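Chemist: only geometry, no sequence info:
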């Protein structure tokens, strides 16, 4: 039996540093998605919110918060929190509801307002908290990105120029996207002139944090056909797997990996898409484009290999040949990626699905991947939350 | 003013051969750092029996980077912040990777993936209570 659900509508709020209440961004995105779907708000039977822990109680109950802001109409609500994978988990909750015939139409929505300045753990002396310990010894988030990047350089011969090329490419893609925060055609010289943060990565290799919102209207295939949208893009797979012990790669916020004495070491990022491919019944060779979690420029190259879009160590050669630019064999981050959006935690996994939807419809203005048939996303939330979604025509 | 551990109970302070203190599951032999003494994370192991063990003092660099900017609190910054190098080090016996600062004076350009390093005790910061020690990694046999 098909596990597909239809994507009837998508919507976003432009990303930036607006400082408004996160509910505003979510409502704008939701209303756009509802209008795009051509349905009425009262047709929505299930509201699946992606939570935020930065905006007080309304953020913890985001599903209800957005439902109230749109006007209570008796829908069922749910809120999912899985750090940067929250959006995919909210989408998975909506899909479960639809596939079990408990709802015909669902709204999936996530939005965030990010605080200014460094995110830092609570003070005091708290050695039981790995997040406190790593900051105490000077290990910040960019440390991890720097470690992954430097390993690529030593193992595969990637260069800082390659990493800068990822930024330049994504800036070019995102320049045409009306919802991106950064719309500037950055050059390799711009990247090289930005200050070093975590060797070999410079400030412009690392993504910012943003305010933003994204929303999706999904439905059963029957409902889509009933309203004349049987040919809408479909969610063909959602992977929200945890890692499998023993983790091979040191991940935020830990200061050590698992010990692989009793079990073989495994890469979480490489395991993550396997379930998505299996569920969709397609393979990497069927993928037209990918939206990946580019916390850093170098990490985009890791993801290409983890998604099996090329052999391990070969991502940079595809990049250099222009194959990951729109027009190439396998465009990566046609939306502009986090390089152009910045992180808005509960919205980013949904933003990726919005982009794939526009691409499948042929509506990605200025960045359309011609003949796009299937796309895959990758995201990862702190503390073991995987996120990979496949959208197909 | 004596020298004290910045994080108590995580490592020995021997002048000569300091080491990290981990635990080991007594059933499946999996190592833990930081110490784990409640539940074994191996999905096929139900053990709740752990013993403290010294971890290997030497390993190979898995990767490295630096902190070019002063990290936020609870990092305790000196008056004049100097960038420091950070390494992720693979311990062979434990089959795990442990992060830590490299000793001062080692730049990222001085090291490579696969280099041998050993664990030493060095100052993390100094306050009114004295010098606070932390583990750092130091190249073995290098001329750096």
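Modeler: Structure's in. What do you need? Since the structure is predicted, the reported quantities are computational estimates derived from the model, not experimental observations.
Chemist: What count of nearby residues applies to the residue of chain B found nearest chain A?
Modeler: Chain A sits closest to residue B:65 of chain B, with a gap of 2.9 Å, by Cβ to the nearest Cβ. All C-beta atoms are positioned from the backbone trio N, CA, C, and that covers glycine. Using other Cβ atoms under 10 Å in any protein chain shown, residue B:65 is surrounded by 27 other residues.
Chemist: show me what contacts the residue lying closest to it once chain neighbours are set aside?
Modeler: The shortest distance from residue B:65 to any non-neighbouring residue, by Cβ to Cβ, 6 or more residues apart in numbering or on different chains, is to residue A:146 (2.9 Å). The neighbours of residue A:146, taking Cβ atoms under 8 Å, 6 or more residues apart in numbering or on different chains as the test, are A:197-201, B:65-66, B:86.
Chemist: The residue of chain B closest to chain A is in what secondary structure piece?
Modeler: strand B:58-67 (DSSP states H and E).
Chemist: quick one: strands adjacent to that strand?
Modeler: Strand B:58-67 pairs in its sheet with strand B:84-91 (antiparallel), strand B:116-127 (antiparallel), by DSSP bridges.
Chemist: And the residue of chain A closest to chain B?
Modeler: Residue nearest to chain B within chain A (Cβ to the nearest Cβ): residue A:146, separated by 2.9 Å.
Chemist: which residues of the chain fall in strands?
Modeler: Chain wasn't specified; assuming chain A. Applying DSSP state E to chain A gives strands spanning A:5-16, A:46-50, A:76-80, A:105-112, A:196-198, A:201-202, A:211-219, A:234-239, A:289-291, A:374-377, A:379-381, A:385-392.
Chemist: try chain B instead
Modeler: For chain B, the strands defined by DSSP E occupy B:3-5, B:21-25, B:31-32, B:50-54, B:58-67, B:84-91, B:96-102, B:116-127, B:130-139.
Chemist: Mind telling me which of these the model trusts least?
Modeler: Out of the strands of chain B, strand B:3-5 stands lowest, with a mean of 92 (criterion: mean pLDDT).
Chemist: by contact count, what packs against that strand?
Modeler: For strand B:3-5, the elements it packs on are strand B:130-139, judged by 3 or more Cβ pairs under 8 Å, 6 or more residues apart in numbering or on different chains; DSSP states H and E.
Chemist: what does the strand it packs on rub up against?
Modeler: In contact with strand B:130-139 (Cβ under 8 Å, 6+ apart) are residues A:137, B:1-7, B:10-11, B:13, B:18, B:20, B:59, B:61, B:76, B:87, B:89, B:100-103, B:106, B:110-111, B:115-126.
Chemist: hang on, the earlier thing: got the strands paired with strand B:58-67 as a markdown table, with mean neighbour count and distance to residue B:70 columns?
Modeler: Compiled in a markdown table, the strands paired with strand B:58-67 are given as follows (neighbours: other Cβ atoms under 10 Å in any protein chain shown; distance: least, Cβ to Cβ, whole Å):
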| stretch | mean neighbour count | distance to residue B:70 |
| --- | --- | --- |
| strand B:84-91 | 24 | 10 |
| strand B:116-127 | 17 | 12 |
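Chemist: Those strands: which one's closest to residue A:91?
Modeler: With Cβ to Cβ as the criterion, residue A:91 lies closest to strand B:84-91 of those, at 33.4 Å.
Chemist: From the chain's centroid, how far away is that closest one?
Modeler: Here the centre of strand B:84-91 is set off from its chain's centre by 8 Å, with Cα atoms, centre = their mean, to the nearest Å.
Chemist: what's the angle from that strand to strand B:21-25?
Modeler: 30 degrees (axes from the mean of the first three to the mean of the last three Cα atoms, to 10 degrees).
Chemist: Need the contact partners of strand B:84-91.
Modeler: With contacts defined as Cβ under 8 Å, 6+ apart, strand B:84-91 is touched by A:138-139, A:143, A:146-147, A:199, A:250, B:55-56, B:59-67, B:96-102, B:104, B:106-108, B:111, B:117, B:137.
Chemist: Got a quick ChimeraX command for the buried subset of those residues?
Modeler: Remark: buried members of the contacts of strand B:84-91, expressed as a ChimeraX selection using 16 or more other Cβ atoms under 10 Å in any protein chain shown:
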select /A:138,139,143,146,147,199,250 /B:55,56,59,60,61,62,63,64,65,66,67,96,97,98,99,100,101,102,106,108,111,117,137
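Chemist: can you pull the contacts of residue 52?
Modeler: Since no chain was named, I'll use chain A. Residues in contact with residue A:52 (Cβ under 8 Å, 6+ apart) are A:22, A:59, A:62, A:81, A:86, A:110-113, A:345-346.
Chemist: Oops, wrong one, chain B.
Modeler: Residue B:52 neighbours (Cβ under 8 Å, 6+ apart): B:21-23, B:35.
Chemist: For PyMOL, what selects the buried ones among those residues?
Modeler: Listed next is the PyMOL selection for buried residues among the contacts of residue B:52, using 16+ other Cβ under 10 Å:
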select buried, chain B and resi 22+23+35
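Chemist: need the contacts of residue B:52 in a markdown table with distance to residue A:328, can you?
Modeler: Shown next, in a markdown table, are the contacts of residue B:52 (distance: Cβ to Cβ, whole Å):
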| residue | distance to residue A:328 |
| --- | --- |
| B:21 | 51 |
| B:22 | 47 |
| B:23 | 50 |
| B:35 | 49 |
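Chemist: from the contacts of residue B:52, which two are the most distant?
Modeler: B:21 and B:23 (8.1 Å).
Chemist: anything in contact with each of the two?
Modeler: The contact sets of residue B:21 and residue B:23 overlap at B:35, B:52-53 (Cβ under 8 Å, 6+ apart).
Chemist: Give me the distance between the residue nearest to residue B:65 and residue A:32.
Modeler: Using Cβ to Cβ, to the nearest Å, residue A:146 is found at 38 Å from residue A:32.
Chemist: ok, now residue A:342?
Modeler: 20 Å.
Chemist: just residue A:333 next, same as before
Modeler: Residue A:333 is 22 Å from residue A:32, by Cβ to Cβ.
Chemist: before we move on, what about residue A:151?
Modeler: In terms of Cβ to Cβ, residue A:151 sits 41 Å off from residue A:32.
Chemist: Then residue B:86?
Modeler: Computed as Cβ to Cβ, the residue B:86 to residue A:32 distance reads 43 Å.
Chemist: what's the neighbour count on the residue nearest to residue A:292 when sequence neighbours are not counted?
Modeler: Leaving aside its sequence neighbours, residue A:292 sits nearest to residue A:303 (Cβ to Cβ, 6+ apart; 3.8 Å). Counted with other Cβ under 10 Å, residues neighbouring residue A:303 total 28.
Chemist: now swap in residue A:279 and tell me
Modeler: 15.
Chemist: can you pull the contacts of it?
Modeler: Applying Cβ under 8 Å, 6+ apart to residue A:279 gives the contacts A:3, A:236-239, A:390.
Chemist: Return a ChimeraX selection command for the buried portion of those residues.
Modeler: To isolate the buried ones among these in ChimeraX, judged by 16+ other Cβ under 10 Å, type:
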select /A:236,237,238,239,390
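Chemist: Between all of the contacts of residue A:279, which two are separated the most?
Modeler: So, the contacts of residue A:279 by Cβ to Cβ: farthest apart are A:3 and A:239, at 12.3 Å.
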